[in-house]
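In: Let me see the structure of the following:
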Amino acid sequence: MANNEYDCIVIGGGIGGAAATLRAAQYHLKTLWVKGTRKTAKASRGKYVLNIDNMIGVHPGIMLNQVKKTLAADQFQEAVAQLNQETFHIGTQEIIDNVIERIEKQFAEWVTFADQKAVEIKKAGDIFTILLQEKPDSQQLQEVTTDSVILSTGVMDRLPEVKKTIKSGREVDDIKWVFPFSNLERLLYCIRCEGHLVSRGAAVIIGYSEVACQVGLMLKERYNVPITMVTNGELLQAAQTTRKLMDHHGIAVETSRIVGFDDQQEGEEPVKKKAGSDLHAILLEDNTRVTARYGLVSLGLHRVYNELAIQLGAQLEKSDDPDNVKRVLVDDYSAETNIPGLFCVGDMATRKDGGPSMMQIYTAQEYAVRAIDTVDRRLRKVQRAAILGKN
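Out: Sure, this is the predicted structure:
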């Protein structure tokens with residue numbers, strides 16, 4: 001291996017990037033963590049996961065119980081009562097912030113943070129050269145080198161456009177109307193991460209594909225709650241057997257465009273609420289009011305942030321889709337791509353062997369560790385060979 005600035009460079013400010021950087025720091029690898037800019041952070045789904053409650057060990061109740069034990073004395077009972085009334089969340093941003101804090105306190109000498117965007121990557125021999133940009137219009141680029149790169153730049157889901165009429169009477173057809181409900185976990189995107197929440201009441205599946213219909217069937221079969229498919233103006237693309245099962249379960253289909261979301265219970269006095277914090281119905285252009293406590297968006301991916309991998313010639317999954325929605329193929333053991341020294345982890349990657357989906361927080365962490373383990377093992381192998389060669 002060549003003598004580079006860093007033992008490894010991690011690109012991506014989400015869970016995968018955080019997990020890789022923390023493990024690299026714990027191994028005392030000289031690491032550059034390219035966390036991205038504020039703009040790139042908003043472009044990936046990881047920024048919007050409010051509450052991680054599908055993983056054991058990641059739950060606010062753990063620390064809350066510890067705090068209550070600490071405050072067990074009589075003089076703290078008022079504080080304990082207040083804690084019992086609060087609602088705490090642990091989301092991706094809290095996890096990432098905690099990783100940054102831990103690194104700064106324990107491993108600052110091993111990690112350099114870069115709030116920049118990696119705009120170009122090339123490889124000559126064993127050495128990767130990466131160009132970093134701080135601002136979108138900046139002509140000044142910083143060049144950094146390494147022989148191991150971990151990409152965890154994520155994906156973004158396709159969002160539904162909502163045809164909303166604003167106060168002036170003008171129609172604004174845009175995805176921005178879903179943001180408050182997405183940010184506060186009323187519109188969901190991952191059936192495995194958040195699908196269990198629909199057990200609390202009626203739900204809408206926003207989508208029209210066979211996959212979306214299967215999502216609706218799965219939630220109906222699991223929780224037996226009212227399910228409605230809302231295609232948002234598209235034609236339903238369900239197989240005949242799928243449609244037969246939907247009819248059996250009473251899954252309704254609404255094809256009209258979405259024009260709004262109602263956070264008030266029908267027939268009751270309006271109550272002022274934080275935008276996106278509650279949902280009671282999805283409103284359609286044909287004046288249909290679809291009762292829903294939750295919506296699950298199943299429209300597929302808007303894009304995979306694989307540009308850097310493509311620049312290096314990394315292999316993408318085989319499909320008829322355009323390259324910008326294809327995941328990068330990686331080895332199951334190491335998360336390495338077909339480009340030696342280039343690793344991809346998290347939602348942007350998929351296994352070469354066609355194994356189970358890697359689009360979970362826990363798999364992002366696991367494959368990040370596999371990547372760093374591989375980098376560490378290779379570095380130590382070189383060090384041993386140098387020692388044995390001298391002797």
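In: For residue 333, give me its contacts.
Out: Taking C-beta atoms under 8 Å, 6 or more residues apart in numbering, we find residue 333 in contact with residue 370. In short, each C-beta sits where N, CA and C put it, glycine included.
In: Could you report the pLDDT at it?
Out: Residue 333 carries a pLDDT value of 92.
In: Shouldn't it be within a strand?
Out: No. Residue 333: not assigned to a strand; according to DSSP: H, G, I helix; E, B strand; the rest coil it is coil.
In: Over to it: give its phi and psi.
Out: Backbone torsions of residue 333, given as degrees, to the nearest 10, read phi -70, psi -40.
In: again with the one 10 residues further on
Out: The phi and psi torsions at residue 343 (degrees, to the nearest 10) take the values phi -120, psi 150.
In: how would you label the residue nearest to it when sequence neighbours are not counted: helix, strand or coil?
Out: Counting by C-beta to C-beta, 6 or more residues apart in numbering, residue 343 lies nearest to residue 371, which is 3.8 Å off, once chain neighbours are set aside. The three-state label given to residue 371 by three-state DSSP is helix.
In: Would you mind measuring from residue 371 to residue 95?
Out: For residue 371, the distance to residue 95 equals 18 Å [C-beta to C-beta, to the nearest Å].
In: Of the two, which one has the most company?
Out: Between residue 371 and residue 95, counted using other C-beta atoms under 10 Å, the more crowded position is residue 371 (32 against 20).
In: which residues sit against the host helix or strand of residue 21?
Out: In this assignment (DSSP states H and E), residue 21 forms part of helix 15-26. By C-beta under 8 Å, 6+ apart, the list of residues contacting helix 15-26 from outside reads 7-8, 10-11, 31, 33, 35, 46, 92, 95-96, 99-100, 102-103, 106-107, 110-111, 150, 152, 154, 345-347, 361, 364-365, 367-369, 371-373, 375-376.
In: starting at the chain centroid, how far to that helix?
Out: Computed by C-alpha atoms, centre = their mean, to the nearest Å, the chain-centroid distance of helix 15-26 equals 16 Å.
In: and what of stretch 175-190?
Out: The answer for stretch 175-190 is 13 Å, by C-alpha atoms, centre = their mean.
In: And stretch 182-191, by the same measure?
Out: 11 Å.
In: Next, the distance between the ends of that stretch.
Out: Separation of the first and last residues of stretch 182-191 by C-alpha to C-alpha, to the nearest Å is 14 Å.
In: what do you get for stretch 141-159?
Out: End residues of stretch 141-159 are separated by 33 Å (C-alpha to C-alpha).
In: still on that earlier bit, filter the contacts of helix 15-26 down to just the ones in helices.
Out: Among those, the members found in helices (DSSP state H) are 92, 95-96, 99-100, 102-103, 106, 361, 364-365, 367-369, 371-373, 375-376.
In: which stretches of this structure aren't confidently modelled?
Out: Scanning the chain for pLDDT under 70 picks out 1-4, 43-48, 50, 356-358, 391.
In: among the contacts of helix 15-26, which ones are buried?
Out: 7-8, 10-11, 31, 33, 35, 46, 92, 95-96, 99-100, 103, 107, 110-111, 150, 152, 154, 345-347, 361, 364-365, 367-369, 371-372, 375-376 (16 or more other C-beta atoms under 10 Å).
In: list the contacts for the closest residue to residue 162 other than its chain neighbours?
Out: Closest residue to residue 162 apart from its sequence neighbours, by C-beta to C-beta, 6+ apart: residue 177 at 4.0 Å. Counting by C-beta under 8 Å, 6+ apart, residue 177 makes contact with 162, 164, 260, 261.
In: So which residues of the stretch 51-200 of the chain form helices?
Out: 60-70, 77-85, 92-106, 179-183, 191-194 (DSSP state H, counting those that start in this stretch).
In: who wins for proximity to residue 295 among those?
Out: helix 179-183 (7.2 Å; C-beta to C-beta).
In: Return the set of buried residues in the closest one.
Out: 179, 180, 181, 182, 183.
In: wouldn't the last one be in contact with residue 277 here?
Out: No. Contact criterion C-beta atoms under 8 Å: residue 183 and residue 277 do not qualify, at 9.6 Å.
In: What is the nearest of the buried residues of helix 179-183 to residue 322?
Out: residue 182 (24.1 Å).
In: what's the spacing between that closest one and residue 142?
Out: Taken as C-beta to C-beta, the span from residue 182 to residue 142 is 34 Å.
In: Residue 338 belongs to a strand, doesn't it?
Out: No. Assessed with three-state DSSP, residue 338 is coil; it does not lie in a strand.
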